[in-house]
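Colleague: structure of the sequence below:
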Amino acid sequence: MRTEDLIDALADKVEPVEPLRHPAARAMGWMIVSFVYLAGLVWLIGPRADIADKLAEPRFVIEIAAALLTSLMAAIAAFCAGCPGRPLWERFAPFPFLAVWLATLGEGCWRQWVQSGPDGLTFNIDLDCFQAIFLASILQALVILVMIRQGAPLAPMSTTGLATLAATAIGAAGLRLFHALDVSVMILVWQFGSVLLLATIGFLAGNRYLKWSLPKIDGGDSGHRQTG
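Modeller: Numbers count the residues shown, from 1 in each chain. Below is the predicted model of the structure:
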């Protein structure tokens, strides 16, 4: 096929489309929906009895802020990953905040070790915590997964992984407002660990969920898709 014929064939198939908003604007819209859902969930279940005391603790506030910033930056990165031509470094934007979040939990584990010795790091099975994370994240996950399909995700695994990280991180932040669990090792394993597990599942499911390819021209399949 001559280049001129290819251009004509593509032009015949062009339909007017409305450009997507900037990734940051889309992420902020998603955050607003997420905050409304979490506020309703906390109101329905009831905030933890010591919420006022916890909000006066700097480490608790830093933990919540780091989780929320991880969520926001992961959402922006997911929407950026769905826009062809965006720089690769944007996909790594949430990880500094994820590291701060992990550091606050690690510092809490160290403090409990110093204060109570090995007994301060008691670990128990807590499947209720995983279920609570899932409940606090499910709506946000569904909304952001629908939103990222509106773009052209050439890197489907990165896009879904970041989207799932955004949903679970904000869910974990909301969970701390109504789930009275303050043993740092338990938070590290069952809350932070659940976030990483679900984000990994989202990453691995990217190729199945996001199938984007160039349109067929004259019966031939043109184009390819990245998987990273």
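Colleague: how about the helices in the protein?
Modeller: Remark: helices assigned in the chain by DSSP state H are 3-13, 23-45, 51-55, 58-81, 95-116, 127-148, 156-178, 184-186, 193-204, 206-209.
Colleague: got the contact list for the third one?
Modeller: Defining contact as CB atoms under 8 Å, 6 or more residues apart in numbering, one finds that helix 51-55 is touched by Arg48, Phe60, Val61, Arg176, Leu177. In short, each C-beta sits where N, CA and C put it, glycine included.
Colleague: can you give me how far it is from the chain middle?
Modeller: 26 Å (CA atoms, centre = their mean, to the nearest Å).
Colleague: in it, what's buried?
Modeller: Ile51, Lys54 (16 or more other CB atoms under 10 Å).
Colleague: just the CA atoms of that helix, as PDB, please.
Modeller: Included here for helix 51-55 are C-alpha records, laid out as PDB according to Å, rounded to 0.1, in the frame of the first residue of the first chain:
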ATOM      1  CA  ILE A  51      -9.700   9.300  66.400                       C
ATOM      2  CA  ALA A  52      -9.100  12.700  68.100                       C
ATOM      3  CA  ASP A  53      -6.000  11.500  70.000                       C
ATOM      4  CA  LYS A  54      -4.600   9.700  66.900                       C
ATOM      5  CA  LEU A  55      -4.900  12.900  64.800                       C
END
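Colleague: do me a favour and average the pLDDT over that helix.
Modeller: In this model, helix 51-55 has an average pLDDT of 88.
Colleague: quick revisit: just the contacts of helix 51-55 now: which is nearest Ser194?
Modeller: Using CB to CB, Arg176 is the member of the contacts of helix 51-55 that lies nearest Ser194, at 12.8 Å.
Colleague: these two touch, right, that closest one and Val61?
Modeller: No: using CB atoms under 8 Å, Arg176 makes no contact with Val61, being 10.5 Å away.
Colleague: show the model's pLDDT score for Cys129.
Modeller: So, for Cys129, pLDDT stands at 69.
Colleague: same question but for Gln140, I mixed them up
Modeller: What the model reports for Gln140 is a pLDDT of 92.
Colleague: so it versus Ala166, what's the distance?
Modeller: Look at Gln140 and Ala166: by CB to CB, to the nearest Å, they are 7 Å apart.
Colleague: quick check: neighbours shared by those two?
Modeller: Contacts common to Gln140 and Ala166, judged by CB under 8 Å, 6+ apart, are Trp30.
Colleague: looking at the two, which is more packed in?
Modeller: Counting neighbours by other CB atoms under 10 Å for Gln140 and for Ala166 shows that Ala166 has the greater number, 31 against 27.
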